[in-house]
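Trainee: following is a predicted model, sequence given first.
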Amino acid sequence: MSHEWITVLGATGSIGVSTLDVLARHVDRYSVFALTGHSRMAVLEAQCQQHRPVFAVVADAAQAAELQPRLAAAGVPTRVLHGSEALADVAADQRVQVVMAAIVGAAGLAPTLAAVRAGKRVLLANKEALVMSGALFMQAVSQSGAQLLPIDSEHNAIFQCMPQNYGAGLGKVGVRRILLTASGGPFRDYALEDLAGVTPAQACAHPNWSMGQKISVDSASMMNKGLELIEACWLFDARPEQVEVVVHPQSVVHSLVDYVDGSVLAQLGNPDMRTPIAHALAWPERIDSGVSALDLLRTARLDFQAPDPLRFPCLSLARQAFDAGGTACAILNAANEVAVQAFLGGRIGFTDIPVIIEHTLNCLPPERVEELPQVMLADQQAREQAETWLVKRV
Ligand code: NDP
Ligand code: MG
């Protein structure tokens, strides 16, 4: 068994905490090289005390000046760095073999790409990074020889159900369709007229998963499934019409792969992110994740429904953006990030989210993408456009 050094980008978040939980079960196998946090400094401090990484990375110099002496006083040897360059440095450091990419949103793109370009085994939770920069991201993976393993539970399930040689093309390996399951979120059964009045607290109370606020709102609007559709197309080189979204309220079947001979392979498990995290960490081996065995008799039922495009228009917006190509997915993602923040901050209603995204997509025609600065420019312009909508409207 090899010993590996890991950097956890976004250690203080929901995925980061689950990752450290799995790592703590396998200290003989993994050592923590770096942990990064952005605002939850007390969480980062406690994580440094437990895992004693070589580096911790925080957002700014003031945070670093506060955290460093506290760690030193506690006898923790960790060196505290700050800023976006430090994030990329700890992701690309030659001593590191594995990078967990678990920063939320566009902020994770640069360090995740740095890990990819340095040829690391990259465990990808930060779907927004791939959605924004799709072709460039996948090109960087193939050029550097990085190994990209999906953490998103659906994509991890698909990966587990795919043949090893799926990179040859889905048609060549006999895959007919990918069936991407969606819980439907907390508003799955809400009437359209009731969606306008839902609160951020309701949106963040997911029935099956405990997650960060942004992905919880995405899950409630089904933009999460839209982002995941795009993610699946890039990860598995699928056309969007080969990916079918199926609402599955129990979140036990994490996704399925449909083969031309009529076989359908599925991955099942309790809804706990430590399963895909442990899978990707140890792949192709298997390690204990701390997740209990699935009790099928207690689950009893597995239901499946078609998604409702009228109540959840974000899914169609994502399909449209992927079809439009170029910078459209970066625009979609940025407008969504602005809209979700505005909703969480009480500036807009829940049903304004797709309105802002559609408006932003309509205002900014997609441009061809050849280099990363074009993606970053589209991201910035989309944020400004979405903000303009907010200022005019509110
Ligand atoms: P959280 O909000 O819980 O955590 C986000 C992490 O990113 C935190 O460590 C946070 O630091 C850090 N962060 C936030 N903003 C910045 C920034 N500007 N610069 C650097 N770091 C930043 O999110 P989740 O853990 O839920 O999600 C992380 C990613 O994983 C997302 O892309 C999400 O879509 C994906 N994912 C999550 C799943 C889940 O179950 N949670 C499932 C599938 C995918 P701090 O907290 O200190 O501010
Ligand atoms: Mg998911």
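Mentor: Received, thanks. Ligands and ions are numbered 1, 2, ... in the order given.
Trainee: was I right about Gln160 contacting Ala280?
Mentor: No - contact criterion C-beta atoms under 8 Å: Gln160 and Ala280 do not qualify, at 10.1 Å. C-beta here means a position set from N, CA and C on the backbone, and glycine is covered the same way.
Trainee: more crowded one of the two?
Mentor: Between Gln160 and Ala280, Ala280 has the larger neighbour count (other C-beta atoms under 10 Å), namely 25 against 18.
Trainee: distance of that one relative to ligand 1?
Mentor: 12 Å (C-beta to the nearest ligand atom, to the nearest Å).
Trainee: that residue - nearest residue in space that isn't next to it in sequence?
Mentor: Leu149 (3.9 Å; C-beta to C-beta, 6 or more residues apart in numbering).
Trainee: can you tell me how far Pro207 is from Pro200?
Mentor: Pro207 sits 16 Å away from Pro200, going by C-beta to C-beta, to the nearest Å.
Trainee: please disregard the earlier target; I meant Ser255.
Mentor: Going from Ser255 to Pro200 by C-beta to C-beta gives 28 Å.
Trainee: neighbour-wise, which of these two wins?
Mentor: Ser255 (27 against 17).
Trainee: so the residue in the stretch 251-394 of the chain that ligand 2 sits nearest to, which of the three states?
Mentor: Proximity of the stretch 251-394 of the chain to ligand 2 (C-beta to the ion) peaks at His254, 8.1 Å away. Here His254 takes the strand state, with states given by DSSP: H, G, I helix; E, B strand; the rest coil.
Trainee: so who does it touch?
Mentor: 153-154, 156-157, 181, 266-269, 276 (C-beta atoms under 8 Å, 6 or more residues apart in numbering).
Trainee: show me which of those neighbour ligand 2.
Mentor: 153-154 (C-beta under 5 Å from the ion).
Trainee: now the contacts of His254 in JSON lines, with pLDDT?
Mentor: Formatted as JSON lines, the contacts of His254 follow (pLDDT from 0 to 100):
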{"residue": "Ser153", "pLDDT": "98"}
{"residue": "Glu154", "pLDDT": "98"}
{"residue": "Asn156", "pLDDT": "98"}
{"residue": "Ala157", "pLDDT": "98"}
{"residue": "Thr181", "pLDDT": "98"}
{"residue": "Ala266", "pLDDT": "98"}
{"residue": "Gln267", "pLDDT": "98"}
{"residue": "Leu268", "pLDDT": "98"}
{"residue": "Gly269", "pLDDT": "98"}
{"residue": "Pro276", "pLDDT": "98"}
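Trainee: which members of the contacts of His254 are classed as buried?
Mentor: Buried by 16 or more other C-beta atoms under 10 Å: 153-154, 156-157, 181, 266-267, 269, 276, out of the contacts of His254.
Trainee: quickly check those for the two that are furthest apart.
Mentor: For the buried ones among the contacts of His254, the farthest-apart pair by C-beta to C-beta is Ala266 and Pro276; their separation is 14.4 Å.
Trainee: for the most far-flung residue of the chain relative to its centre, grab phi and psi.
Mentor: Outermost residue of the chain with respect to the C-alpha centroid, by C-alpha atoms, centre = their mean, is Ala73; its distance is 35.4 Å. Phi and psi for Ala73, reported as degrees, to the nearest 10, are phi -60, psi -30.
Trainee: what's the answer for Gln160, then?
Mentor: Main-chain dihedrals, Gln160, degrees, to the nearest 10: phi -70, psi -30.
Trainee: residues of this structure that sit close to ligand 1?
Mentor: Residues of the chain found near ligand 1 (C-beta under 6 Å from any ligand atom) are 10-16, 37-40, 102-104, 107, 125-128, 152, 209, 211-212, 214-215, 273.
Trainee: in helices, which of the residues you listed fall?
Mentor: By the criterion of DSSP state H, membership of the residues of the chain next to ligand 1 in helices covers 14-16, 127-128, 214-215.
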